[in-house]
Structure formats: structure tokens, C-alpha cells
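>>> coordinates only, sequence not included:
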């Protein structure tokens, strides 16, 4: 679960940060560095990349704090910046590899599960994090944005430069892939998620 909403910041600190107060900047950084890092790591799965994205997020926060109007919680605003930076990073990585956001999903057949580290045995318990780690990057990002961060398909589509149907399709495919992994570990979360948060 995202921790951004749990962090309370005194509005006076935000005003001071908007005026360029270095101490207020430090307070914001210390309050949100850990959840920003966790979020970025979920997207990139590489600690060094996540650390770079924390820095990029905070450069943007400090650059844009004057425009923050308080219509949403400061944590929600910072989370959006971190998500945007993470997606921009992933897009550039896909572009550098000559790939698009098209899913490499179809290249993997059910018979390939073991070679991808997915056990078929119920005794080999997999938690949700491990199951998510076995998803292709695009699917993992869509599941995280939709089910954990609470983004709508319209918001995901806008962030990824795709259509709403692309987001819905990725989520549906991810649920199909997660369900057997989590059922095998005795966890029905994927099935509940697909039912509870369907489109």
C-alpha cells in the first residue's frame, strides 16, 4: 500500500519551501524520500535507477513547488511527480532498446513458467511482491498504478501515452497471470482484485 497519504506536512512548511527555504526543502525530502524510492524501485527494479529517480523527483518538486495550490495532499502531488518520472524513465529505456510499450507478454507461454522463476508447486509459496516481479514491466506498472496507487484507466493511459483499452487489456492479462501464481501460494488476492477492481 502506498505510504504517501499517511504523511502529514504542516502547510507552513510547504509555504516556506515555495519561498525557497532550504530547511523546508530538507523536511519534504526526508518525509517523502523513502516512499518515493519504494515507488520508483517497484517500477524499475534496479536500486541505482530508483535512487536516480528520487533525485529527479525532488529536483522537479523544488522547481515546481511554487505552483502547488494545495488542491490535493502534498503527498499525492509528489507521488504523481514520482510516477511521471518513473514512466518517463521506462519509456526512454524501451525506446533505447528499440521497443515500444507493446507487451512482450505473448512471447511467454504457460510452459515457460519455470524458466521465469514461477513455481507450479503450491508448497513454494509466492507472496504478492514475488508474483508481481514475475510480470513483464508494462503489466507490473499497470497493476501497481491501478490497484495500489488508485489511478483510473484514463489516467494510466495518459501517463503511458496509450489508450484506455490498452490499460484495461494489460490489467486483465496481468490478473490472468497473477491468479494461478497466487492461488498456488494459497493467496486469493489476484482473483479478488480482478473481481473487485475490474474496469
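Received, thanks. The model shown is predicted, which means the values in this text are computed figures rather than measured ones.
>>> For the rest of this, base every contact and every neighbour count on C-alpha atoms.
Will do.
>>> what domains does the record give for this structure?
4-96, 105-196 (automatic domain parsing).
>>> Just put those in CSV and tack on mean pLDDT and mean neighbour count.
Listed next are these as CSV, based on pLDDT from 0 to 100; neighbours: other Cα atoms under 10 Å:
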stretch, mean pLDDT, mean neighbour count
domain 4-96, 90, 17
domain 105-196, 67, 17
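>>> separation between residue 162 and residue 132?
21 Å (Cα to Cα, to the nearest Å).
>>> Oops, could you answer that again for residue 154 instead?
As for residue 154, its distance to residue 132 is 22 Å (criterion: Cα to Cα).
>>> mind listing what residue 84 touches?
residue 159 (Cα atoms under 8 Å, 6 or more residues apart in numbering).
>>> Which secondary structure state does it sit in?
Under DSSP: H, G, I helix; E, B strand; the rest coil, residue 84 falls in the helix class.
>>> which residues touch residue 165?
residue 153.
>>> redo that, cut-off 6 Å
Listed by Cα atoms under 6 Å, 6 or more residues apart in numbering, the contact set of residue 165 is empty.
>>> does it sit in a helix or strand, and which one?
helix 164-184 (DSSP states H and E).
>>> Leaving out sequence neighbours, find the closest residue to residue 78.
Closest residue to residue 78 apart from its sequence neighbours, by Cα to Cα, 6 or more residues apart in numbering: residue 61 at 6.8 Å.
>>> Distance of residue 58 relative to residue 7?
Per Cα to Cα, residue 58 is found 16 Å from residue 7.
>>> go on, residue 81?
16 Å.
>>> cool, and residue 90?
Distance from residue 90 to residue 7, by Cα to Cα: 27 Å.
>>> cool, residue 172 as well?
Distance from residue 172 to residue 7, by Cα to Cα: 32 Å.
>>> What of residue 160?
27 Å.
>>> again with residue 25
For residue 25 relative to residue 7 (Cα to Cα), the value is 15 Å.
>>> what does residue 60 give?
Distance from residue 60 to residue 7, by Cα to Cα: 19 Å.
>>> got it, and residue 69?
Distance from residue 69 to residue 7, by Cα to Cα: 18 Å.
>>> Over to residue 171?
29 Å.
>>> With residue 23 instead?
For residue 23 relative to residue 7 (Cα to Cα), the value is 18 Å.
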